[in-house]
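Visitor: turn this into a model:
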Amino acid sequence: MTVTMDDVRGKVDEMTGKRSMKELLIGTYDMKYLCKPVFPYFRKSKGVPPPMFFGKDDFLGLFVALVMGLQHALAMVGGLITPPLLISNLGFGTRPGTNPPVPYSSGNPAEVQRYLVQASLIVCGIMTFFQVLGVRIWKTNFQFGAGILSCMGVSFTTVPIATSVIGQLMKEKGHTFEEAYGMFLGTIAMCAVIPALLSFFPIRIIKKIFPPIVCGITIMMIGVHLIGAGFKNWGGGAFCADNWQHPPATKPCFLPANYPNGTSYMQANQCWVGPGIKCGDATKTEVFLPFGSQEYLGLGFLVFVTIIVLEIFGSPFMRNASVILALLFGYFIAAVTNYQGKKYVITTKIDQAPGITFLWTTTFPLGFYPPAIIPLMIVFIITSIETVGDTAATLEASRMQVNTEDGTRRIKGALLNDGISGIFSALATSLPLTTFAQNNGVISLTNVAARQAGFAAAFWLLLLGILGKVGAWITTIPECVLGGMTTFLFANVIASGIKIIINGDPLTRRSRFILACSLALAFGVELVPQWATLNLWPVTPGMSPGLRGLRDAIILVISTSFTLGAVVALILNLIIPADASTNPSTTKALPLLDADSSHDASGCEACEPLPPVKTIAGGLEPAPTVEVTRDNAVDANTDRRPRQHQAPIRLQQLAHVPQPELLRPQAGPTRRRRCAA
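Guide: Numbers count the residues shown, from 1 in each chain. Presented below is the predicted three-dimensional model:
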């Protein structure tokens, strides 16, 4: 068959919708709204109105799509680079009690850190593409990916488990960082099938077993655990925070040892500790100061304040990218200033980094660590519930129906993508991914839900990951600058957990009891971790390897604050009966309080008569009774519909009556009753 130029032009017109070249390149979006800063304290008007809404399949134009995609990528990148940076920090340092010092890493820890950052960006770009694409599975009612503007990012929930497991494998088992990280990746690849399996279950069953109070407590405690790491970086670095200035002396320590049967344990010993170290990495700075120095705190505070300023005065684009813009500003100030002639930032890593890189340029020996299975199962269940909520929020922000067959299929597609992403990311030497919630705020602020922006975001993430100089630049960010940014991010995790708890269930006596019990144990273990690690279940010489693995798994769950809180909340939610008075299905409508009522709404037995109400001449004009439900009522204070758990309230509309005359008590035959105190 011969293809003519007219056929080609017809196909191009069909794909572009016969749009002009200007519309193809620039589109019709109002860039003035996106880029104009606001001054809320000095303006009389309400600013530039938001532009028209762009739906899932609407056309943006090449330039607008790239700008919107960059906005989504910048909103995510601060959260994407933080987990690999925190995990790779474990590879720095040396083993205690060794002379000469033996490093934890068998290679160059700085190079490993650069690679892990870039691997995270590449994997997020690849899986974001499939999440936005939403491929239907042949001859089934399922799909792979949500098919909406929803991006994938590295999950914070695995960071506490990763630091605990990798640290335990290095310090107690004697593994190098590369070996310990490879064992953790292998365990992740096995446990990541949980979200994929949950995608085939009805959503209501998942929500019933794991209600918002369980997920909210878990996410909140993850933020509490991580915010300590943010403050350590803010003060100069995690390693110097744990080894701050002190005189040389011996102190009690625990060193790895083995029983005659080969069982490993931590043996009490005395270690010689030299003078406390100063903060700073010689590969990226010339400044070495004690932990908590004014210079470190000032640079971190500059980043933190910049985030606040951008939130108040920034344009929508700047507000969406406030975290990374504040990080760039803090990095710029650190790069152009010096301390007594010494530079805070040097470019040695950037000069030595390759121009182009990709996955598997650095590899880790995959292994398996059974004690981490239970904690990781809890992690993947929690991220699955979080994915359901985040995808539903994205559908609402995209002005699409949630409680429909199409909405349910998209949510399950996001869950399936979570599972496949977890397996792929582990095999690609990266931490597991989950659906990111930051993009929902970008959609709401810009009125753009077009998938073209999602594809552009995937492109930017992939590009940032492939460029080796970008990853090297990220690893040269001073710890104090990074700490000012990560502290804000981790506090956002806490706020997200609180929001899930408040919006999910009413704070009844039952939910408050579950909340109190779970947080009591979770906060206690977070503040005093040795409560569960020293003598709760000590290792004995005759302990078999299988029993030792079970013991390590249980101790790991109990000594990690968010896993302990999740287990306690889950058990209490299943065994404590629901309060019938707070169940919407069993709550009856309140009775009408007519003038001739002989009882009040409380049904109280011990009552006394109230002063009678005067009967007005002509009586009250009968008015129709209106039942106010969550479907037709609006809260005047919040302009939102009441929650579903509220019982219907029946009100009676009264005709216009002079209020003083109506409320003045006088003698009459009709009386109301008042409950005794």
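
Visitor: which helix or strand in the protein has the lowest average pLDDT?
Guide: Lowest mean confidence among the helices and strands of the chain (mean pLDDT, DSSP states H and E): strand 649-652, at a mean of 38.

Visitor: mean confidence score for the one helix or strand residue 298 maps to?
Guide: Using DSSP states H and E, residue 298 sits in helix 294-313. Across helix 294-313, pLDDT averages out at 93.

Visitor: buried residues, that helix. List them.
Guide: 295-297, 299-300, 302-304, 306-307, 310 (16 or more other C-beta atoms under 10 Å). Any C-beta I mention is one placed from the backbone N, CA and C, and that applies to glycine too.

Visitor: do stretch 351-371 as well
Guide: Neighbour counts using 16+ other C-beta under 10 Å place 353, 357, 359, 362, 364, 366-367, 369, 371 of stretch 351-371 among the buried residues.

Visitor: how far does stretch 133-146 stretch from start to finish?
Guide: The first and final residues of stretch 133-146 sit 7 Å from each other (C-alpha to C-alpha, to the nearest Å).

Visitor: and the closest residue to residue 293 other than its chain neighbours, helix, strand or coil?
Guide: Spatial nearest neighbour of residue 293, excluding adjacent residues (C-beta to C-beta, 6 or more residues apart in numbering): residue 236 at 6.6 Å. Recorded secondary structure, residue 236: coil (DSSP: H, G, I helix; E, B strand; the rest coil).

Visitor: check contacts around residue 236.
Guide: 279-280, 289-293, 296, 479-480 (C-beta atoms under 8 Å, 6 or more residues apart in numbering).

Visitor: for the helix holding residue 298, the distance to its chain's centre please.
Guide: 22 Å (C-alpha atoms, centre = their mean, to the nearest Å).

Visitor: same thing with stretch 187-201?
Guide: Centroid separation between stretch 187-201 and its chain, computed with C-alpha atoms, centre = their mean, is 19 Å.

Visitor: give me the average confidence score over it.
Guide: For stretch 187-201, the mean confidence score works out to 92.

Visitor: so which bits of it are buried?
Guide: 187-192, 194-196, 198-199.

Visitor: greatest separation within those residues: which pair is it?
Guide: Pairwise distances across the buried residues of stretch 187-201 peak at 21.1 Å for 187 and 199 (criterion: C-beta to C-beta).

Visitor: coming back round to it: which one of the buried residues of stretch 351-371 is nearest residue 213?
Guide: residue 371 (27.4 Å).

Visitor: wait, isn't the closest one in contact with residue 557?
Guide: No. Contact status for residue 371 versus residue 557: not in contact, 9.0 Å apart, counting by C-beta atoms under 8 Å.

Visitor: quick one: residue 98 and residue 174, what's the gap?
Guide: Separation of residue 98 from residue 174 (C-beta to C-beta, to the nearest Å) stands at 11 Å.

Visitor: to clarify, my last question referred to residue 536.
Guide: From residue 536 to residue 174 the distance is 24 Å (C-beta to C-beta).

Visitor: give me the nearest residue to residue 72, chain neighbours excluded.
Guide: Closest residue in space to residue 72, ignoring its immediate chain neighbours: residue 457 at 3.9 Å, by C-beta to C-beta, 6+ apart.

Visitor: next one: the helix or strand harbouring the one you found to chain centre, how far?
Guide: Here residue 457 sits within helix 451-466, counting by DSSP H and E. Centroid displacement of helix 451-466 relative to its chain, using C-alpha atoms, centre = their mean, is 20 Å.

Visitor: show me what that helix is packed up against.
Guide: helix 62-88, helix 109-133 (3 or more C-beta pairs under 8 Å, 6 or more residues apart in numbering; DSSP states H and E).

Visitor: next secondary structure element downstream of it?
Guide: Going down the chain from helix 451-466, the next helix or strand is helix 468-475, by DSSP H and E.

Visitor: just the C-alphas of that following helix, formatted as PDB.
Guide: Written as PDB, here are the backbone C-alpha positions of helix 468-475 (Å, rounded to 0.1, in the frame of the first residue of the first chain):
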ATOM      1  CA  GLY A 468      26.200  11.500  36.800                       C
ATOM      2  CA  LYS A 469      27.200  15.000  37.700                       C
ATOM      3  CA  VAL A 470      23.800  15.600  39.200                       C
ATOM      4  CA  GLY A 471      24.100  12.700  41.600                       C
ATOM      5  CA  ALA A 472      27.600  13.800  42.500                       C
ATOM      6  CA  TRP A 473      26.400  17.400  43.200                       C
ATOM      7  CA  ILE A 474      23.700  16.000  45.500                       C
ATOM      8  CA  THR A 475      26.300  14.200  47.600                       C
END
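
Visitor: just use 26 as the starting number from now, easier for me
Guide: Yep, numbering from 26; the last one is helix 493-500 now.

Visitor: report the angle between it and helix 134-158.
Guide: Here helix 493-500 runs at an angle of 110 degrees relative to helix 134-158 (axes from the mean of the first three to the mean of the last three C-alpha atoms, to 10 degrees).

Visitor: how much space between the most centrally placed residue in the chain and residue 254?
Guide: When C-alpha atoms, centre = their mean is applied to the chain, the residue found nearest the centroid is residue 518 (5.1 Å). As judged by C-beta to C-beta, residue 518 and residue 254 stand 12 Å apart.

Visitor: now the helices for the stretch 226-375 of the chain?
Guide: Here the stretch 226-375 of the chain has its helices, by DSSP state H, counting those that start in this stretch, at 228-234, 237-259, 263-267, 319-338, 341-345, 347-361, 373-377.
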